[in-house]
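>>> need the 3D shape of this:
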Amino acid sequence: MMIKPARSLNGEIHIPGDKSISHRSVMFGALAEGMTEVAHFLLGADCLSTISCFQKLGIEIQTDGCIRIHGKGLHGLRPPASVLDAGNSGTTVRLLSGILAGQPFSCTLSGDASIQKRPMKRIITPLREMGAGIAGANETDCAPLLINGAPLHGIHYQSPVASAQVKSCVLLAGLYADGPTSVTEPSLSRNHTERMLASFGADVTSSHTTATILPDPALVGQKIDVPGDISSAAYFIAAALLVPNAEVLIHDVGVNPTRDGILRAAKAMNADITRLNEHQVSGEPVCDLLVRSSSLSATTIEGGMIPALIDEIPVLAVMAAYAQGTTVIRDAAELKVKESNRIETIVTNLKRMGADAEATEDGMVIHGGKPLHYAQIDPHADHRIAMAFAVAALCAQGGAEILNPECVSISYPEFYRDLISLYS
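Below you'll find the predicted structure:
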């Protein structure tokens with residue numbers, strides 16, 4: 001896919017539904033009594049993998065137009081006839097493991113080659129502490145995961161990482177435990193699970209960085225309107241900031257405070273972003289974002305801010321390459337275990353385009369302001385790398401060619417179409 005430089009960007013855009021919320025709407029709808037209807041569901045490959053897994057577990061899900069999940073209650077899942085295939089979706093594997101750990105049956109949960117390399121010990125450890133029978137195949141801590149459902153015990157888990165996937169896995173297992181289950185994180189990760197489970201009827205509370213859930217709630221089907229995904233909006237935010245004479249209005253973006261790190265980082269870089277039409281959608285804060293061209297300056301991104309923008313670091317690195325000064329990203333070792341080693345992949349591709357960037361053990365240092373030029377970009381089948389460097393191409397001499405461009409279908413199938421629609 002050849003991305004040509006843009007003279008300006010102008011227009012309005014509606015981004016796809018939030019990936020994290022779309023996953024959870026299917027999972028929680030399946031565990032609720034009655035129908036859950038989901039509007040603005042993200043029909044990306046990852047979320048379709050979640051639907052497929054729950055269909056194999058005996059849940060009827062209609063995907064024509066509005067997504068309709070015919071829930072069977074907390075104890076209504078049935079043993080699958082074959083391996084549950086999560087595709088490339090780490091969210092599916094980790095959250096579903098928590099649900100399966102408390103079922104009265106055994107099954108195998110796997111995914112593609114990338115998933116089979118991603119670390120699962122972070123969920124295996126707390127689930128075993130709760131009494132679950134779970135192990136990676138071939139004596140590893142990776143998928144395929146062999147899960148033998150068992151009676152679970154409530155625990156208070158001190159998570160070594162701030163990860164919404166780990167937290168959600170343990171809380172979902174807690175639905176089947178014999179007492180309260182709590183998770184304490186080193187810093188607060190995204191809280192979509194807590195918000196949505198509460199709306200379905202679960203007794204879940206949060207205090208500082210600790211979330212607690214009580215077992216065996218009566219979950220009830222809901223109508224959910226999924227807000228636009230701020231992770232998808234991030235590419236258009238960056239594009240409008242970087243391209244000269246740009247003004248882009250992005251509609252209905254979810255701005256949950258545990259997810260809006262991209263906006264805080266952009267503000268620290270002198271970005272011109274205005275929030276408009278602030279309101280609530282299905283318990284999540286939402287607004288329109290008006291973004292205009294800006295002369296960006298460097299910043300430091302670290303500490304408790306990292307969980308709120310971990311998926312946006314690839315495009316933030318692109319912004320840093322065009323900003324004046326030296327941007328430092330640290331405390332982000334989690335990037336190494338995403339769909340690719342994002343520290344290595346970001347820095348390698350920035351260097352190919354002429355940027356002055358270096359990898360560190362837990363992040364990167366980017367000396368911004370050098371002109372970027374044409375390069376072939378290898379995203380290593382990582383959707384966020386492909387989209388971030390499509391943005392980098394907009395202001396690079398000669399643009400850039402994105403190899404394996406179809407990997408964006410994981411989270412944003414129409415990304416290239418929407419980006420090109422803003423050219424003017």
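
>>> just the helices from the stretch 1-150 of the chain, written as ranges.
Remark: helices assigned in the stretch 1-150 of the chain by DSSP state H, counting those that start in this stretch are 19-31, 45-56, 90-100, 121-129.

>>> for the nearest residue to A308 once chain neighbours are set aside, give me the pLDDT.
In this structure, A308 finds its nearest non-sequential neighbour in G261, 3.2 Å apart by CB to CB, 6 or more residues apart in numbering. Every residue, glycine included, has its C-beta placed from N, CA and C. In the predicted model, G261 carries a pLDDT score of 97.

>>> any buried residues in stretch 211-228, and which?
Buried residues in stretch 211-228, defined by neighbour count with 16 or more other CB atoms under 10 Å: 211-215, 217, 219, 221-222, 224-228.

>>> that should have said stretch 180-200, apologies.
Buried residues in stretch 180-200 (16+ other CB under 10 Å): 181-183, 185-200.

>>> now the terminal residues of that stretch, how far apart.
End-to-end distance for stretch 180-200, by CA to CA, to the nearest Å: 18 Å.

>>> ok, back up a step: what is the neighbour count of the residue nearest to A308?
By other CB atoms under 10 Å, the residues close to G261 number 24.

>>> measure it to P5 for me?
28 Å (CB to CB, to the nearest Å).

>>> mind listing what G17 touches?
By CB atoms under 8 Å, 6 or more residues apart in numbering, the residues touching G17 are 40-42, 226-229.

>>> now do the same for the nearest residue to it once chain neighbours are set aside: its pLDDT.
Leaving aside its chain neighbours, G17 sits nearest to V226 (3.6 Å; criterion: CB to CB, 6+ apart). pLDDT, V226: 97.

>>> OK, contacts around V226?
Taking CB under 8 Å, 6+ apart, one finds 17-18, 21-22, 25, 38-42, 281-282 in contact with V226.

>>> buried subset of those residues?
Using 16+ other CB under 10 Å, the buried members of the contacts of V226 are 17-18, 21-22, 25, 38, 40-42, 281-282.

>>> bridged to the residue nearest to Q222 when sequence neighbours are not counted, which residues?
Excluding its sequence neighbours, the residue lying closest to Q222 (CB to CB, 6+ apart) is T36, at 5.4 Å. Judged by DSSP bridges, the bridge partners of T36 are I69.

>>> in contact with T36: list those residues for me.
25, 28-29, 68-69, 71, 221-224.

>>> sec struct for the residue nearest to P160 when sequence neighbours are not counted, please.
Nearest non-adjacent residue to P160, counting by CB to CB, 6+ apart: P186, 7.2 Å away. Of the three states, P186 takes coil under DSSP: H, G, I helix; E, B strand; the rest coil.

>>> low pLDDT regions in the stretch 201-350 of the chain?
Of all residues in the stretch 201-350 of the chain, none has pLDDT under 70.

>>> just the helices in it please.
230-242, 261-268, 313-322, 342-352.

>>> compare the ones you listed and give me the one nearest L289.
helix 230-242 (6.6 Å; CB to CB).

>>> and the closest one, what other elements does it pack with?
strand 247-254, helix 261-268, strand 272-281, strand 284-292, helix 313-322, helix 383-393, helix 415-420 (3 or more CB pairs under 8 Å, 6 or more residues apart in numbering; DSSP states H and E).

>>> tilt between that helix and helix 383-393?
Going by axes from the mean of the first three to the mean of the last three CA atoms, to 10 degrees, helix 230-242 is angled at 10 degrees with respect to helix 383-393.

>>> list the contacts for the spatially closest residue to E414 that is not a sequence neighbour?
Once flanking residues are discounted, E414 sits nearest to P16: 7.5 Å by CB to CB, 6+ apart. By CB under 8 Å, 6+ apart, P16 lies in contact with 40, 42-44, 228-229, 232, 411-414.

>>> list the residues that contact A198.
204, 283 are the contacts of A198 under CB under 8 Å, 6+ apart.

>>> do the same with I230
Taking CB under 8 Å, 6+ apart, we find I230 in contact with 18, 253-256, 259-260, 262-263, 312.

>>> farthest-apart pair in the contacts of T36, please.
Distances among those were taken as CB to CB; the most separated pair is F28 and R68, at 14.0 Å.

>>> returning to that earlier point: neighbour-wise, which one of the contacts of P16 leads?
In terms of neighbour count, S232 stands highest of the contacts of P16 at 29 neighbours, by other CB under 10 Å.

>>> surely it meets I410?
No: counting by CB atoms under 8 Å, S232 does not reach I410; the two are 11.3 Å apart.

>>> quick check: N10 touching L249?
No: look at N10 against L249 with CB under 8 Å: they stay out of range, at 9.4 Å.

>>> quick one on the thing from earlier: deepest in the core, which of the helices of the stretch 201-350 of the chain is it.
helix 313-322 (a mean of 28; mean count of other CB atoms under 10 Å).

>>> quick check: bridge partners of the closest residue in space to T300 that isn't next to it in sequence?
Spatial nearest neighbour of T300, excluding adjacent residues (CB to CB, 6+ apart): V328 at 4.7 Å. Judged by DSSP bridges, the bridge partners of V328 are T300, V365.

>>> check contacts around V328.
Applying CB under 8 Å, 6+ apart, the residues near V328 are 300-302, 363-365.

>>> quick check: mean pLDDT of stretch 124-141?
92.

>>> show me what that stretch is in contact with.
Contacts to stretch 124-141, defined as CB under 8 Å, 6+ apart, come from residues 97-98, 101-102, 106, 108, 119-121, 123, 142-155, 157, 159, 166, 169-170, 173-174, 177, 181, 183.

>>> what do you get for stretch 107-122?
With contact meaning CB under 8 Å, 6+ apart, stretch 107-122 is reached by 49, 53, 79-80, 83-90, 92-94, 96-97, 100, 136-137, 141-147, 159-161, 163, 166, 337, 339-340, 381.

>>> now, of those, which are buried?
Here, 16+ other CB under 10 Å leaves 49, 53, 80, 84-90, 92-94, 96-97, 100, 136, 142-145, 147, 159, 161, 163, 166, 339-340, 381 buried among the contacts of stretch 107-122.

>>> tabulate the helices and strands packed on helix 230-242 in TSV, adding columns for distance to N404.
What follows is those, written out as TSV (distance: least, CB to CB, whole Å):
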stretch	distance to N404
strand 247-254	26
helix 261-268	25
strand 272-281	31
strand 284-292	28
helix 313-322	15
helix 383-393	7
helix 415-420	13
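
>>> and of those, who's closest to E406?
Of all these, it is helix 383-393 that lies closest to E406, at 8.8 Å by CB to CB.
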